[in-house]
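[1] Dropping the sequence and predicted coords here.
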Amino acid sequence: MEKQGKITFINGPVVEAENMTGYIMRELVYVGKLKLVGEIIELDGDSATIQVYEETSGMKPGEPVYSTGRPLSVQLGPGIIGNIFDGIQRPLPFLEKKSGPFIERGAEVSSLDPEKEWELKVLVEEGDYLNSGQIVAELNETSVITHKIMVPPGKEGEVIELVPDGRYSI
């Protein structure tokens, strides 16, 4: 079952909530019925203070606070260069297509275009043994920016199967 706190107090973009045991500092949370993006900035026993990064008007005490279990963070990858974002890394051109010139509260769109394809060059072969941080493949976002796809931290192993060089979406 998903952890769920409850709003007790609202003052502009700052919200206080109870039933927050098990939440963590700097955790990304979704606040209220509209699931607005927020971040826990203080924990005190069962209570939390949350910075909400969207307009809180109309929100009321008693509304839920949803846990994600992960920190507020940004997504990095191809497509970030040349894009225009709001303060919580929502791409404004995609938001405008979705909801017009005014951003709906709680609007969700991917930070990176999941449909755009990128030319991938694979740098390893089947049978290679890879360690944490080793480069597996790369792709060019621009003529001077190359993204390197690497083995995640703490992971290692043998390459069993590869995709060929070609165009792929993220």
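    Alright, I've got the coordinates. Note that this is a predicted model, so its numbers are computed, not measured.

[2] Distance from the chain centre to the lowest-mean-pLDDT helix or strand in the chain, please.
    Counting by mean pLDDT, DSSP states H and E, the chain has its least confident helix or strand at helix 92-99, which shows a mean of 86. Centroid separation between helix 92-99 and its chain, computed with CA atoms, centre = their mean, to the nearest Å, is 18 Å.

[3] Would you mind listing the buried residues in the helix or strand following it?
    Using DSSP states H and E, the helix or strand that follows helix 92-99 in sequence is strand 117-122. Across strand 117-122, burial judged by 16 or more other CB atoms under 10 Å covers 118, 120. For the C-beta atoms, the positions are set from N, CA and C on the backbone; glycine is no exception.

[4] which residues are contacting strand 117-122?
    Contact with strand 117-122 is made by 78, 136-141, 149, 162-170, as judged by CB atoms under 8 Å, 6 or more residues apart in numbering.

[5] In ChimeraX, how would I select just the buried ones from these?
    The buried residues among the contacts of strand 117-122 can be selected in ChimeraX (16+ other CB under 10 Å) with this line:
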select :78,136,137,139,170
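
[6] one step back: contacts for the least confident helix or strand of the chain next, please.
    83-86, 103-104, 107, 109-110, 113.

[7] now residue 144: how far from residue 69?
    Residue 144 is 37 Å from residue 69, where distance means CB to CB, to the nearest Å.

[8] picking up where we left off before, quick check: helices, which of the contacts of strand 117-122 are part of them?
    Judged by DSSP state H, the subset of these located in helices is empty.

[9] so of the contacts of strand 117-122, which ones are in strands?
    136-140, 149, 166-169 (DSSP state E).

[10] From those residues, pick the one nearest residue 4.
    residue 169 (33.8 Å; CB to CB).

[11] Pull the contacting residues for the closest one.
    Taking CB under 8 Å, 6+ apart, we find residue 169 in contact with 114-118.
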